[in-house]
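Colleague: I need the structure of the sequence given here:
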Amino acid sequence: MRILHLHDETWDSGISHYALTVACALQKKGHQVYFWAPMVSHSIAKARHAGLIARDVDFPWFYLHSLRCEIKKAKIELMNAHTGSTQSAAVALSLGLNIPVLRTRGDIRPVSANFLSRALASKTRGFIAPNDAIRNQLSAAFPQARVELIFQGIPSPIDVLPMPKAPVIGLLARLDEVKGHETWLDAVMILRQQFPHARFLAAGGGSPEKLSRFRWQVDALGLKGVVDFLGHVVDPWAFMARCRIGVVASTDSEAVCRAALEWMAMGRPLVATAVGCLPDLLADNQTGLLIAPNDAPAMAKALLRLLENPQTADEFGVKGKQRFEQLFSVSRFADLTEKFYEESLRNIPPRR
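Modeller: Numbering: from 1, shown residues only. Model prediction:
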């Protein structure tokens, strides 16, 4: 297949990673994959580095005619839009070309079902939902639409190191308010009284100001030597290998969650908030523990359970690794997406 992915988020978001991962995986399966994104986006540089046929597209509405000519010349067979604005552009580009448009929706906010969105949905061959909540939203908003649930897959780590004995708890997330660092720190304050030997590491990029503020907060709370904010780490697998338990403390969003999958792939038990895709990824009381968001006492209680019961933590880690391999591998991600693409291409009239 000749597949065109359209994506216009400029930052390194979860849905950007979803789009790039599936595009690269389909290319490895032998498909010809094109990736269009703004010149300033994080994803366009990564697409080029991965060997995708990448093109800078900053204002598609200004160049519809020339872009349509490029699509015809490349003999594109299917377009996959990863945002609402690129879905609109894809539908406009496809008019008269008999090219099906698919939309991957990676936004956990309620789906709008107004006249314009319904009209756009009627011109969209199908939707891909990365979690069950989004699938239900799409099905309710557009009852006639084909909606496919396809969980994100990620590459496995090269080496899965044994779980360390030291009680180190890790949080891997960018320094953003929605990632729940404040709740995590509140849980640390509770937990240090009950399990004083535990140590806590936070890794993830963010502005120097945010990193400095968190480090100042650690000192102000008397947690120096207990908590360490490392900032951006080049090798997240090496960071997770140091930890016995992983945490996803997000307060909202998480349409996709790369960090949760990475913890599972590394064979670490996970304590995660029940937001977005996390109830789909984590099997509660089997691979980890789900808790309510913004609930520091619940987080501390869940972490204490795993610290005080190392055998349970070990079992959760093993089962998490197995669940990852069964449901969230890159090969399964690519296979399911490929199948949905092929189904979407059926009964398409031949292009003249």
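Colleague: per-residue confidence at Pro269?
Modeller: You'll see Pro269 listed with a pLDDT of 98.
Colleague: Please give the element, helix or strand, for the closest residue to it other than its chain neighbours.
Modeller: Of all residues not flanking Pro269 in the chain, Phe316 sits nearest, at 3.6 Å (Cβ to Cβ, 6 or more residues apart in numbering). For glycine as for every other residue, the C-beta is placed from the backbone atoms N, C-alpha and C. In the assignment (DSSP states H and E), Phe316 maps to helix 310-327.
Colleague: Ile44 now?
Modeller: helix 42-49.
Colleague: Enumerate the positions of that helix that are buried.
Modeller: Neighbour-count burial for helix 42-49 flags 42-44, 46-47 (criterion: 16 or more other Cβ atoms under 10 Å).
Colleague: other SSEs contacting it?
Modeller: helix 14-28, strand 32-37, strand 53-56 (3 or more Cβ pairs under 8 Å, 6 or more residues apart in numbering; DSSP states H and E).
Colleague: Break down the stretch 151-300 of the chain into its helices, ranges please.
Modeller: Here the stretch 151-300 of the chain has its helices, by DSSP state H, counting those that start in this stretch, at 181-194, 208-220, 236-241, 258-265, 278-281, 296-308.
Colleague: Among these, which comes closest to Cys69?
Modeller: Closest to Cys69 of the helices of the stretch 151-300 of the chain is helix 258-265 (Cβ to Cβ; 36.3 Å).
Colleague: Name the nearest residue to Gly14, sequence neighbours excluded.
Modeller: Nearest to Gly14 is Val256, by Cβ to Cβ, 6+ apart, at 4.1 Å.
Colleague: do the same with Leu336
Modeller: Closest residue in space to Leu336, ignoring its immediate chain neighbours: Ile150 at 4.9 Å, by Cβ to Cβ, 6+ apart.
Colleague: Would you map out the domains in this protein?
Modeller: Listed by automatic domain parsing, the domain ranges of the chain are 2-153+330-345, 168-327.
Colleague: Leu67: neighbouring residues, count only.
Modeller: Here the number of neighbours of Leu67 (other Cβ atoms under 10 Å) works out to 19.
Colleague: Remind me what whichever strand or helix holds it packs against, helices and strands.
Modeller: Per DSSP H and E, Leu67 falls inside helix 64-74. Counting contacts by 3+ Cβ pairs under 8 Å, 6+ apart, helix 64-74 packs against strand 2-6, helix 84-94.
Colleague: Follow the chain on from it and name the next helix or strand.
Modeller: That would be, after helix 64-74 and using DSSP H and E, strand 78-81.
Colleague: Quick one: residues contacting the residue nearest to Pro269.
Modeller: 269-270, 286-288, 306 (Cβ atoms under 8 Å, 6 or more residues apart in numbering).
Colleague: So which of the helices and strands packed on helix 42-49 is nearest Lys339?
Modeller: Nearest of the helices and strands packed on helix 42-49 (Cβ to Cβ): helix 14-28, 11.5 Å.
Colleague: Could you list the residues in contact with the closest one?
Modeller: So helix 14-28 is contacted by 1, 3, 5, 7, 9, 33, 35, 41-43, 46-47, 50-52, 80, 82-83, 104, 106-107, 130, 152-154, 254-258, 330-331, 333-334, 337-338 (Cβ under 8 Å, 6+ apart).
Colleague: Just the buried subset of these, please.
Modeller: Buried members of these, scored by 16+ other Cβ under 10 Å, are 3, 5, 7, 9, 33, 35, 41-43, 46-47, 50, 52, 80, 82-83, 104, 106, 130, 152-154, 254-258, 330, 333-334, 337-338.
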